[in-house]
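J.: here is my input, please return the structure:
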Amino acid sequence: MEYIKQGGDILLKTPDLDLDETLDCGQAFRWERTGGKEYHGFMLNTPLTVSAEKDFFRFCETDEDTFVNVWIPYFDLETDYSEIKRILSEDSALSKACAYAGGIRILRQDSWEALCSFIISQNNNIPRIKGIIGRLCEMYGGFPDFKDMNGISPDDLAPLRAGFRAKYIADCVRKLNGGEIILEDIRNLPTEEIRKILMTIKGVGPKVADCAMLYGMYRIDCVPMDVWMKRVMEQFYPNGFPEFVLPYAGIAQQYLFHYMRTGT
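T.: This next block holds a predicted model:
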């Protein structure tokens with residue numbers, strides 16, 4: 001990874017990053033394509049317009065401090081994905097998936113934003129998920145801290161048009177504000193313990209818990225199981241991933257998910 005400042009922009013040169021594959025693959029819901037190779041979005045309430053140009057990525061109108069402290073971690077730019085793909089490609093199916101969508105990176109999202117977003121994602125499609133999250137941000141003038149939502153009821157969330165998910169959001173907010181779940185405290189526990197704790201929230205099952213851990217806590221051993229990943233596992237890994245894949249299982253599933261959904 002190399003970068004330089006150019007006026008008010010940061011120009012980044014890095015391998016193994018594709019904006020479409022990373023920002024439009026269902027791991028985050030606050031990015032919109034604003035041009036052929038340009039996206040605008042947020043990490044919590046920090047905005048960014050980023051574009052892919054011939055030899056670099058342009059991070060528009062962002063200062064170096066924000067780039068270093070927000071966007072380098074968010075895009076996981078200090079992780080060597082070339083090495084991870086080399087390891088994963090020892091498996092034949094993963095070799096094809098890595099070659100097909102080698103620009104995917106796991107976005108290191110805020111743990112609360114990821115948890116809330118994936119509660120909203122249940123039995124939902126991406127445009128509707130984005131709509132609900134957009135209305136949530138309109139209601140609060142930005143993505144709210146759960147503390148700002150203290151005491152919220154499902155009826156209070158009616159303007160979101162979130163349906164049955166409103167009661168799940170309200171229960172999550174109640175548990176976080178009541179101290180029953182402290183996200184910063186649980187993120188370093190063993191994965192199975194975190195999963196059990198998150199599943200005490202109404203409506204949070206294994207898939208939502210694993211999404212919250214993978215994308216909001218960077219627990220890259222988590223493999224959220226949706227219909228696509230169930231097909232992958234049945235077809236290629238009926239006995240589970242090979243041992244050498246397990247430390248990177250969450251990254252592996254991202255390659256496989258994208259490959260199975262769009263490349264086969």
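
J.: any idea where the strands of the stretch 1-150 of the chain begin and end?
T.: 2-6, 9-13, 31-35, 38-43, 46-52, 57-60 (DSSP state E, counting those that start in this stretch).

J.: tilt between the first one and strand 9-13?
T.: Angle, strand 2-6 to strand 9-13, by axes from the mean of the first three to the mean of the last three Cα atoms, to 10 degrees: 160 degrees.

J.: and the contacts of strand 2-6?
T.: With contact meaning Cβ atoms under 8 Å, 6 or more residues apart in numbering, strand 2-6 is reached by 10-14, 64, 67. C-beta: built from backbone N, CA, C; applies to glycine.

J.: top of those residues by number of neighbours, please.
T.: Within those, neighbour counts (other Cβ atoms under 10 Å) peak at I10, which reaches 24 neighbours.

J.: correct me, but that residue touches V68?
T.: No - look at I10 against V68 with Cβ atoms under 8 Å: they stay out of range, at 9.2 Å.

J.: what is in contact with those two at once?
T.: Contacts common to I10 and V68, judged by Cβ under 8 Å, 6+ apart, are absent.

J.: phi, psi for the residue with the largest distance to the centre of the chain please.
T.: Farthest-out residue of the chain from its mean C-alpha position, per Cα atoms, centre = their mean: G7, at 30.1 Å. Main-chain dihedrals, G7, degrees, to the nearest 10: phi 60, psi -130.

J.: where does the prediction get shaky in the stretch 101-250 of the chain?
T.: The model of the stretch 101-250 of the chain has no residue with pLDDT under 70.

J.: one step back: of the contacts of strand 2-6, closest to M213?
T.: When the contacts of strand 2-6 are compared for distance to M213 (Cβ to Cβ), T14 wins out at 25.5 Å.

J.: is it true that that closest one touches V50?
T.: No - using Cβ under 8 Å, T14 is not in contact with V50; the gap is 11.9 Å.

J.: sorry, back to before: okay if I get the strands of the stretch 1-150 of the chain as a markdown table plus distance to I129 and mean pLDDT?
T.: Below are these laid out as a markdown table (distance: least, Cβ to Cβ, whole Å; pLDDT from 0 to 100):
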| stretch | distance to I129 | mean pLDDT |
| --- | --- | --- |
| strand 2-6 | 32 | 96 |
| strand 9-13 | 28 | 98 |
| strand 31-35 | 12 | 94 |
| strand 38-43 | 14 | 97 |
| strand 46-52 | 19 | 98 |
| strand 57-60 | 25 | 98 |
